[in-house]
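Colleague: model this:
(4 chains)
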There are 2 protein chains.
Amino acid sequence: MITAMNELLRDHIAQHISLDSAELQLVEAALEQRTLKKNDYLLSEGQVCNYEYFVIKGGLRQYEVDPNGREIIIHFGFENWWITDKQSLYSQRPSIYYIEALEETDVLRISREDLACLSVKIPRLERYFHQVLQQSSVMWQTKILYLQKPAEQRYLMFREMYGSIEQRISQQHVAAYLGITRETLSRIKGQLLKRQ
Amino acid sequence: MITAMNELLRDHIAQHISLDSAELQLVEAALEQRTLKKNDYLLSEGQVCNYEYFVIKGGLRQYEVDPNGREIIIHFGFENWWITDKQSLYSQRPSIYYIEALEETDVLRISREDLACLSVKIPRLERYFHQVLQQSSVMWQTKILYLQKPAEQRYLMFREMYGSIEQRISQQHVAAYLGITRETLSRIKGQLLKRQ
DNA sequence: GGACGTTTTTGATAAATGTCACAGATTTAG
DNA sequence: CTAAATCTGTGACATTTATCAAAAACGTCC
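Modeller: Just a heads-up that it's a prediction; the model follows:
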């Protein structure tokens, strides 16, 4: 039997807990693969989010559209990241976010129900998801810290956190992630270049 | 035997999972109570954080002091909240944060090691902490969203999230939490009063 | 009840960031 | 390969927010 579960996810899990092949097969059975073209949506405002998604190729952005039509990006998801709207997933209420593909993207998804079942059958899996959640919590805390600093410092932190991935994100999306306008970001980049 | 564990925590746990009295006693044995006077520190910059703290009375603020000496508050902790520096706790590296009492405060603390032991003995406890973490994740995500909006909207969201607790926090601390100056916050409050 | 320390308010001014308009540059689709 | 669409850079100007200084309000301790 050919395993459908991507190596990336298997490795990612293995970094946190070890599963035997029977357990891996259980996990695998709960996963579905989905492919998105650029600008396709994984989730739209008003939908109830029912899945956690693991990115195996490509990139996504999670954003809100505010009453003035402005997009506020709160999160990016690239290879090896889990992404979902936890708020909607846990409350089972309509999401206020869009999750959209920035490029051609492959994800594995697992439903809330399947995840709950799996957690009962494989308690160690809860530890894996707990550790993933801890990591993302720390990231969010760091982002909160930097959002309270001036624009230039926000951009520098973005570079540190997203490193090589910066080139895959358009400048307007970086700006929307940092809470500044694209014009301001453009000027900041110009100044940084002049200074170095 | 008199139980040292505060009712607040017992109720808080009971809202998520149910423990029998033997299990409760195990948890209790791992907890220590600490009392802080106003302005006492639970954690200082440079220390490695080794505990998770549950507030049973009073309030705390978690903040960074930036290179210019400005305080950036990323989080408050009041009754019924767990508070810690997860970044330091998980990495066992020195913290960049202070956690300071805003008023006379009682907390229960549990060490990282004891928590790990307890999680093995009482697997359900992991679910409790997972759910607590999920809740705080959602809060942080909401804060990230609002930090990308203008000052007035940040203040309004603060009011919604912290409601009645606002009166227990000085205005300069609210400002430091919202990433604006106290002067700006004062003017915003003035305008809101004039408009309503 | 006063005196002290702290916090909040207010005003004048400076700095940072946003807005709008448009010209280049780059990417995409046919 | 070219035309259209999208993204990025730049300038002039508006708006928001920060800074600094001082006065008013508040709290606390004798």
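
Colleague: all contacts plus neighbour counts: C-alpha atoms, from now on.
Modeller: Will do.

Colleague: which SS class is residue A:96?
Modeller: Of the three states, residue A:96 takes coil under DSSP: H, G, I helix; E, B strand; the rest coil.

Colleague: which residues touch the nearest residue to it once chain neighbours are set aside?
Modeller: Once flanking residues are discounted, residue A:96 sits nearest to residue A:45: 4.8 Å by C-alpha to C-alpha, 6 or more residues apart in numbering or on different chains. Contact analysis of residue A:45 by C-alpha atoms under 8 Å, 6 or more residues apart in numbering or on different chains lists A:94, A:95, A:96, A:97, A:98.

Colleague: now do 7 Å
Modeller: By C-alpha atoms under 7 Å, 6 or more residues apart in numbering or on different chains, the residues touching residue A:45 are A:95, A:96, A:97, A:98.

Colleague: neighbour-wise, which one of the residues you listed leads?
Modeller: residue A:97 (25 neighbours; other C-alpha atoms under 10 Å in any protein chain shown).

Colleague: pLDDT of stretch A:73-93, averaged?
Modeller: Stretch A:73-93 shows a mean pLDDT of 96.

Colleague: actually stretch A:40-52, not the one I typed
Modeller: Stretch A:40-52 shows an average pLDDT of 96 in the prediction.

Colleague: list the buried residues for that stretch?
Modeller: Within stretch A:40-52, the residues scored as buried using 16 or more other C-alpha atoms under 10 Å in any protein chain shown are A:40, A:41, A:42, A:43, A:44, A:48, A:49, A:50, A:51, A:52.

Colleague: where does chain A have low pLDDT?
Modeller: A:1-5 (pLDDT under 70).

Colleague: now the residue nearest in space to the middle of it: closest residue in space, sequence neighbours ignored.
Modeller: With distances taken as C-alpha atoms, centre = their mean, residue A:77 lies nearest the centre of chain A, 3.0 Å away. Nearest residue to residue A:77 in three dimensions, chain neighbours excluded: residue A:60, at 5.0 Å (C-alpha to C-alpha, 6+ apart).

Colleague: elements contacting the helix or strand where the one you found lies?
Modeller: Using DSSP states H and E, residue A:60 sits within strand A:59-65. Where contact means 3 or more C-alpha pairs under 7 Å, 6 or more residues apart in numbering or on different chains; DSSP states H and E, strand A:59-65 is packed against strand A:71-78, strand A:98-101.

Colleague: so which of those gets nearest residue B:163?
Modeller: Among the helices and strands packed on strand A:59-65, strand A:71-78 comes nearest to residue B:163, with 24.0 Å by C-alpha to C-alpha.

Colleague: just the residues contacting that closest one, thanks.
Modeller: Contacts to strand A:71-78, defined as C-alpha under 7 Å, 6+ apart, come from residues A:55, A:58-65, A:83, A:176-177, A:179, B:144-145.

Colleague: can you check stretch A:176-185 too?
Modeller: By C-alpha under 7 Å, 6+ apart, stretch A:176-185 touches A:71, A:72, A:73, A:74, A:147, A:151, A:154, A:155, A:171, A:172, A:175, B:148.

Colleague: for chain A, which segments count as strands?
Modeller: Using DSSP state E, the strands of chain A run over residues A:32-36, A:41-43, A:51-57, A:59-65, A:71-78, A:82-83, A:98-101, A:105-111.

Colleague: what strands line up against the fifth one, and which way round?
Modeller: Spelled out, it's strand A:71-78. Using DSSP bridges, the strands paired with strand A:71-78 are strand A:59-65 (antiparallel).

Colleague: is DNA strand C contacted by the strand it pairs with?
Modeller: No: Strand A:59-65 does not reach DNA strand C (C-alpha under 7 Å from any atom of the strand); its nearest approach is 13.4 Å.

Colleague: noted, bye for now.
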